[in-house]
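What follows is a predicted structure for the sequence shown.
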Amino acid sequence: MKKLISSKMGFFAIALILFWIKTYVIYATEFNLGVSGPMQEFLLFFNPLSSGLIFLGIALFAKGRKAGIWIIVIDVILTFILYANVVFYRFNSDFITFATMMQTDNFGSLGGSIADLTAMHDILYSLDLILLIGLFILTKSNWSTVRMPIRKPLLVLGAGVLAFTINLGLAEADRPQLLERAFDRNYLVKYLGAFNFMIYDGIQSAKTSTQRVLADSSDITEVENYTKAKYAEPNPELFGKGEGKNIIKIHLESFQSFLIDYKLHGEEVTPFLNDLVSDQSKDFTYFDNFFHQTEQGKTADAELIMDTSLYGLPQGSAFVTKGDNTYQALPAILDQQQDYTSGIFHGDGKSFWNRDEVYKYLGVNEFYHEDYYDMSEENVINYGLKDKPFFEESIPLLKEMEQPFYAHMMTLTHHHPYLIDEEDASIAPAETGDGSVDRYFQTARYLDESLEQFFNDLKEAGLYEDSIIMIYGDHYGISDNHNKAMAEITGEEITPLKNAELQRVPFMIRVPGVEGQGTNHEYSGMVDVMPTLLHILGIDAKDYILFGTDLFSEGHKDFVPFRNGDFITEKYSSINGTFYDNKTKEVIEEPTQKMLDMKETVMQELELSDEVLYGDLFRFYTPNEAWEPVDISDYSYIKEEEKGTTNN
């Protein structure tokens, strides 16, 4: 044993075994991968082996004691990558991709507090490294100083390739077309491992970067044919009813629909929003089966989807990786069709999510960012300006905008890790013991109070009565890593189906002069908002390539795709490859052909949307004779008094 430990191959074997065990433990305890059945259990255990053999095996090419140093350095790098994914996953329920690493200004969207996402037991993930370093110090004097025969490291690498080949073959047998339709990164990590996924993602990133170069005008034809076939005729009773009205779109950060009518400690968490959506309210129509459709891009994806009726990308954010694409977005369409002025209001840095660049490509006229607000210490928490001063200071800016306007108001306080000053908290936290979940209700109440204040200010400013008002939640606030606490909150076990149902976010709309419908139970998603608004304004959506359909149309398509390939309908859902009956909550063991066909339709729709973004296909499409491509030189988001300074 002493001789084995004191040899390079022995040291390598120990490092490999420790790495293998650590990686498997992290897979099993930190990631919710939905492992089921003996084959998936085996693959989860087996897949770290190929990565360890290949990456650590590279060190064996080094001469003498350098091989031990290389093994330790490579192990440290692999551990760092694995732990970075652990921290990222705790908030995002997702894995780091090359696309997310490009988001340098806001990498990780870790909710403003990495410390909040770490745990005391994380130190255990470095124990193997400490042991290896100690072992190397004790035994290095016994190591041979000559280089190992080349056949040995080659044999190790060959064993790694063989292990991966076996792994991939078994994975494809259990999950056919695993790599062809890889929207769900949980599947790839479960079957292939985090490190093999990293290599796969790198290959895919390189592949997608070439799609724009290779694309041509023929590629848009299939997309156009699909969206034209999906088009739903407008509701004649609503078509054009909002023409010429101001539009105020209010973005509720991290707000999930379960908050509506929820009581904590006997108190309504969101009393103002509850009143807006009550059956007694005749102002708003509230869609209670409306789902967010975001992925890694979160807030930025929500903006993209709502203003383009495209899906976000499967990796990263289009705002960052495809920010200079050609777009045919709502701000530009409303400007060209009905002379609308568009403005986005956000109490944060203008470059966050690359907004100060991508908004130009969307045709946004004005961007009111942190330079326009009082960002003094008492007004700021977590990611930026608190919601109450944000809304209060936005009123004068709204009043200055040329009418009709399209104004997008983006809140911030209700964002992970849901920090709130004591004087701003008007409801006690929940008592699950999970800090993020417990504080979630306090910042939701603060947001609700901010919204009530904003409505009162709009009315006082004379902007309420003549404005279309849309309110929506942008994405989930509580990820499935908090299922234990959420089970206490909801009183239900958080099954895969229940987790999908929790992806509901509010969407409500008020059209001046039109009586609200109260609660509308139509199943819908973010891609449906743009065609709905166009029809309300009297603009026929059929001219444009849109993946959603009008929410008020009799022909509205009520299946809701999620970005990972799952989907939900009124009667059944497809989650992680399993079909569920929405009413009984039971697994559907034998899906009908209609269900299977719907799954194919969902996959096709997501793939076509990806083709538009990766290939920048809108540069080949002209919606109508009046359309003019956006000229980004027409837009600047430097505050007026700063422009003179810049010019000087």
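Structure's in. What do you need?

And the strands in the stretch 401-550 of the chain?
Secondary structure of the stretch 401-550 of the chain (DSSP state E, counting those that start in this stretch): strands at 405-410, 467-473, 507-510, 518-520, 524-525.

what sits up against the longest one?
Contacting residues not belonging to strand 467-473 are listed as 242, 245-252, 254-257, 273, 276, 284, 290, 292, 302, 306, 451, 458, 505-512, 526, 529, 533, 536 [Cβ atoms under 8 Å, 6 or more residues apart in numbering]. No exception for glycine: its C-beta is placed from N, CA and C like everyone else's.

which parts of it are buried?
By 16 or more other Cβ atoms under 10 Å, the buried positions in strand 467-473 come out as 467, 468, 469, 470, 471, 472, 473.

Return the member of those residues nearest to residue 234.
Nearest to residue 234 out of the buried residues of strand 467-473 is residue 468 (Cβ to Cβ; 15.3 Å).

Which pLDDT value belongs to residue 135?
Among the per-residue scores, residue 135 shows a pLDDT of 88.

Distance check, it against residue 142.
For residue 135, the distance to residue 142 equals 11 Å [Cβ to Cβ, to the nearest Å].

quick one: which of these two has more around it?
residue 135 (19 against 11; other Cβ atoms under 10 Å).

And the more buried one, how close does it get to residue 156?
According to Cβ to Cβ, residue 135 and residue 156 sit 19 Å apart.

now do residue 164
Counting by Cβ to Cβ, the gap from residue 164 to residue 156 is 13 Å.

Of the two, give the one with the bigger neighbour count.
Comparing residue 164 with residue 156 by other Cβ under 10 Å, the one with more neighbours is residue 156, at 23 against 20.

hang on, that one packs against residue 57?
Yes: contact criterion Cβ atoms under 8 Å: residue 156 and residue 57 qualify, at 3.8 Å.

Between the two, which contacts overlap?
What both residue 156 and residue 57 touch, as defined by Cβ under 8 Å, 6+ apart, is the set residue 12.

so how many other residues sit close to residue 540?
By other Cβ under 10 Å, the residues close to residue 540 number 14.

The one 3 residues further on too?
Other residues within reach of residue 543, judged by other Cβ under 10 Å, total 19.

ok, now how distant is it from residue 215?
In terms of Cβ to Cβ, residue 543 sits 22 Å off from residue 215.

Alpha carbons of stretch 606-624, in PDB - could you do that?
Backbone C-alpha positions of stretch 606-624 (Å, rounded to 0.1, in the frame of the first residue of the first chain) are rendered in PDB as follows:
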ATOM      1  CA  LEU A 606     -38.800  26.200 -29.900                       C
ATOM      2  CA  GLU A 607     -36.400  25.100 -32.700                       C
ATOM      3  CA  LEU A 608     -37.900  27.600 -35.200                       C
ATOM      4  CA  SER A 609     -37.600  30.400 -32.700                       C
ATOM      5  CA  ASP A 610     -34.000  29.500 -32.100                       C
ATOM      6  CA  GLU A 611     -33.300  29.600 -35.800                       C
ATOM      7  CA  VAL A 612     -34.600  33.100 -35.900                       C
ATOM      8  CA  LEU A 613     -32.300  34.300 -33.200                       C
ATOM      9  CA  TYR A 614     -29.200  32.300 -34.000                       C
ATOM     10  CA  GLY A 615     -29.500  33.000 -37.700                       C
ATOM     11  CA  ASP A 616     -30.600  36.600 -37.300                       C
ATOM     12  CA  LEU A 617     -33.400  35.800 -39.800                       C
ATOM     13  CA  PHE A 618     -35.400  38.900 -39.400                       C
ATOM     14  CA  ARG A 619     -32.900  40.700 -41.600                       C
ATOM     15  CA  PHE A 620     -34.400  38.600 -44.500                       C
ATOM     16  CA  TYR A 621     -38.100  39.400 -43.600                       C
ATOM     17  CA  THR A 622     -40.100  42.500 -44.400                       C
ATOM     18  CA  PRO A 623     -43.500  42.500 -42.600                       C
ATOM     19  CA  ASN A 624     -45.200  45.000 -44.900                       C
END
